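A.B. asks: return atomic coordinates for the entry below.
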Amino acid sequence: MKVVIVGGVAGGMSAAARLRRLSEEAEIIVFEKGEHISFANCGLPYYIGGVIKEREELVLQTPTAFRKRFQVDVRVSNEVLSVDRAAKKVTAKDLASGRIYEESYDKLVLAPGAEPVRPPLPGIGHANIFTLRTLGDTFKIKDFIDNHASKTALVVGGGPIGLEMAENLAEAGLEVTLAEALPQVMNPVDLEIAVLIHKNLRDRGIVLCLSDGVKSFADQSGKVLTLLASGREIVTDFVIFAVGVKPETKLAAEAGLAVGRGIIVNEFLQTIDENIYAIGDAIEFMNPLTGKRYVAALAGPANKQGRMVADNIIEGNKKKYYGTLGTAVVKVFAMTVAVTGLASKALDAEQIPYESVVIHPGSHAGYYPGATTMTLKLLFSPADGKILGAQAAGFEGVDKCIDVISAYISMHGTVYDLAGYEHCYAPPFSSAKDAVNMAGFVAENVLSGKVKTIPWDKLASLGDTLYLLDVRTVEEYRRGMVSGAVNIPLDDLRGRLGEVPQGRKIAVYCGVGIRSYAAVRILKQKGYGEVYNLSGGFMTYSSLQGQ
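C.D. replies: Sure thing, here's the model as predicted:
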């Protein structure tokens, strides 16, 4: 069998290595139009920031080493120009010599990846405007910074790459501005999490321009003058344009394969042509939570898809791909932000009913030194407790927490599963009731009717007659409170119930939602009717004011 693979980075090289492990007889050819294979895409910003010191550390495999170990014909700087499905051959160009030639195949794997979005804005061709996709892009940016004594930079786009670039440029000593057309950075998370990123960036000296996209670029004495939609002008030594990526579908479309936002594949990662498979950032597949087609540019899924495709080519279509939940993590200075599944905005757009809870658990037992607080938002079905998504931000344990919840979602788990989740516990590592358990407990209380929660932005919907009750201590109340709130500390509540009016809607809050839950239970059992717990407590509410 002869297998041709188009694309030599994550998915393509994973497929090539797995194919060889499964078959010593298969002829395997990899075409990569760039100069490198198997490079660490996700490590590129960290080389620019100086965390990764040597260029060679970004190269996971060289063509020579890969050929020697796996006996795979790796052709770098060779671009596949077209696919002839009827003749089962590709036409390729050797970019070094200009030679155009053909190569036949029995099975073809398309792994062309995704390309940076670069809209036709005036001035976007300025020499000091860069995108980041390849090793060549990385070296070009690093060399520019080093050789031009750069002091200022603008990052356009607040997604993971934009955030990582902003961090690394700042760590390299530059003054950094980040412009984002949306009202928040990291669009896959909800505002409760995004505001924590905003604060962290500003605390580190990053200038944030939110809800302010780029209108045009121009040259100003060798620097880049950026005009934002608001009319604000920013002059910097250079610009990193990181507004997202789009699947590389040109080759597939011209071959007559089905293409939407990405190359459309079935559960076996097979296109409409049974002899052509597609994997990685270029494909479009069913989202397991919505049942609708979806694209995701993530290294983890791409590598797993490469392995799966190799199995299906050699052993027949047995391995099914059920889609990705979009589980992702990003480091923003010392903060970790992670997400899995669907956020509120996505659930609203899909008209999927949901409940949500926001909690602020500790990273490990509070009495053991070094514990930090994370913010965790869990979204779930009100009908059966099925987990729909989760997102978290903090300084320790965030990735572990979201990994666990992602695993439960993939197994169709519910909040009841989270409540019963058994984890390894010792004070330096966790709490007896860990963050995942706590999210499950709170969600379980909501579903059982023991408590009703109200999000920070829905307080006004309860009406003018709302009675807002703050059950923190007097000292906490004096340091800051929700406007109009009445302070009755939790420990005094039973003796002061006469001060709480009957017949009105009541919203209760404390610091993070634990004491207020106890207050809600007291009030409900004392005959009070419509009582709500403010989700996330004053910590969440105060962080969102002015956003």
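A.B. asks: other residues contacting the helix or strand of the chain with the lowest mean pLDDT?
C.D. replies: Within the chain, no helix or strand scores below strand 59-61, which has a mean of 76 by mean pLDDT, DSSP states H and E. Residues from elsewhere that reach strand 59-61 (Cβ atoms under 8 Å, 6 or more residues apart in numbering): 13, 36, 37, 38, 39, 40, 135. The way it works is simple: take the backbone N, C-alpha and C, and place the C-beta from them, glycine included.
A.B. asks: among those residues, show me the least confident.
C.D. replies: Among the contacts of strand 59-61, residue 40 has the lowest pLDDT, at 70.
A.B. asks: burial check on that one, number of neighbours?
C.D. replies: Other residues lying near residue 40 total 18 when counted by other Cβ atoms under 10 Å.
A.B. asks: not counting sequence-adjacent ones, nearest residue to it?
C.D. replies: Once flanking residues are discounted, residue 40 sits nearest to residue 58: 4.9 Å by Cβ to Cβ, 6 or more residues apart in numbering.
A.B. asks: how about that neighbour, what does it touch?
C.D. replies: Counting by Cβ under 8 Å, 6+ apart, residue 58 has contacts 39, 40, 43, 44, 47, 52, 135, 138.
A.B. asks: where does the last one sit: helix, strand or coil?
C.D. replies: Read it as residue 138. Under DSSP: H, G, I helix; E, B strand; the rest coil, the three-state class of residue 138 is helix.
A.B. asks: assess the claim that it and residue 144 are in contact.
C.D. replies: No - assessed by Cβ atoms under 8 Å, residue 138 is found out of contact with residue 144, at 10.9 Å.
A.B. asks: these two - which one has more neighbours?
C.D. replies: Neighbour count, other Cβ under 10 Å: between residue 138 and residue 144, residue 138 has more, with 24 against 16.
A.B. asks: now the longest helix belonging to the chain: mean pLDDT?
C.D. replies: Secondary structure of the chain read by DSSP state H shows that its longest helix is helix 299-315. For helix 299-315, mean pLDDT is 96.
A.B. asks: buried ones in it?
C.D. replies: The neighbour-count check on helix 299-315 (16 or more other Cβ atoms under 10 Å) flags 299, 301-314 as buried.
A.B. asks: nearest to residue 231 among these?
C.D. replies: residue 299 (38.5 Å; Cβ to Cβ).
A.B. asks: burial count for the closest residue to that closest one other than its chain neighbours?
C.D. replies: Taking Cβ to Cβ, 6+ apart, and ignoring the residues beside it in sequence, residue 299 has residue 10 as its nearest neighbour in space, at 5.1 Å. Residues lying near residue 10 (other Cβ under 10 Å) number 28.
A.B. asks: give the full set of residues in contact with residue 10.
C.D. replies: 38, 41, 111, 113, 280, 299, 302, 303, 306.
A.B. asks: let's go with 10 Å and repeat that
C.D. replies: 38-42, 60, 111, 113, 279-281, 298-306 (Cβ atoms under 10 Å, 6 or more residues apart in numbering).
A.B. asks: can you check residue 465 too?
C.D. replies: Counting by Cβ under 10 Å, 6+ apart, residue 465 touches 501, 503, 504, 505.
A.B. asks: surely it forms part of a helix?
C.D. replies: No - read with three-state DSSP, residue 465 is coil and lies in no helix.
A.B. asks: on that earlier part again, centre of the chain to the longest helix of the chain, how far?
C.D. replies: Helix 299-315 has its C-alpha centroid displaced from the chain centroid by 22 Å (Cα atoms, centre = their mean, to the nearest Å).
A.B. asks: same question, stretch 149-156
C.D. replies: On Cα atoms, centre = their mean, the centre of stretch 149-156 falls 24 Å from the chain's centre.
A.B. asks: try stretch 193-204
C.D. replies: 16 Å.
A.B. asks: dump the C-alpha coordinates for that stretch into PDB.
C.D. replies: Written as PDB, here are the backbone C-alpha positions of stretch 193-204 (Å, rounded to 0.1, in the frame of the first residue of the first chain):
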ATOM      1  CA  ILE A 193     -13.400  34.300  33.800                       C
ATOM      2  CA  ALA A 194     -12.300  36.800  31.200                       C
ATOM      3  CA  VAL A 195     -12.300  39.700  33.600                       C
ATOM      4  CA  LEU A 196      -9.700  37.900  35.700                       C
ATOM      5  CA  ILE A 197      -7.500  37.700  32.600                       C
ATOM      6  CA  HIS A 198      -8.000  41.400  32.000                       C
ATOM      7  CA  LYS A 199      -7.000  42.300  35.500                       C
ATOM      8  CA  ASN A 200      -3.900  40.000  35.300                       C
ATOM      9  CA  LEU A 201      -2.800  41.600  32.000                       C
ATOM     10  CA  ARG A 202      -3.300  45.100  33.300                       C
ATOM     11  CA  ASP A 203      -1.400  44.300  36.500                       C
ATOM     12  CA  ARG A 204       1.500  43.200  34.400                       C
END
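A.B. asks: and that stretch, what's buried?
C.D. replies: 193, 194, 195, 196, 197, 198, 200, 201, 204.
A.B. asks: how much space between the fifth one and residue 329?
C.D. replies: Separation of residue 197 from residue 329 (Cβ to Cβ, to the nearest Å) stands at 13 Å.
A.B. asks: overlap in contacts of those two?
C.D. replies: By Cβ under 10 Å, 6+ apart, the residues touching both residue 197 and residue 329 are residue 337.
A.B. asks: ok, and the closest non-adjacent residue to residue 199?
C.D. replies: Leaving aside its sequence neighbours, residue 199 sits nearest to residue 543 (Cβ to Cβ, 6+ apart; 7.2 Å).
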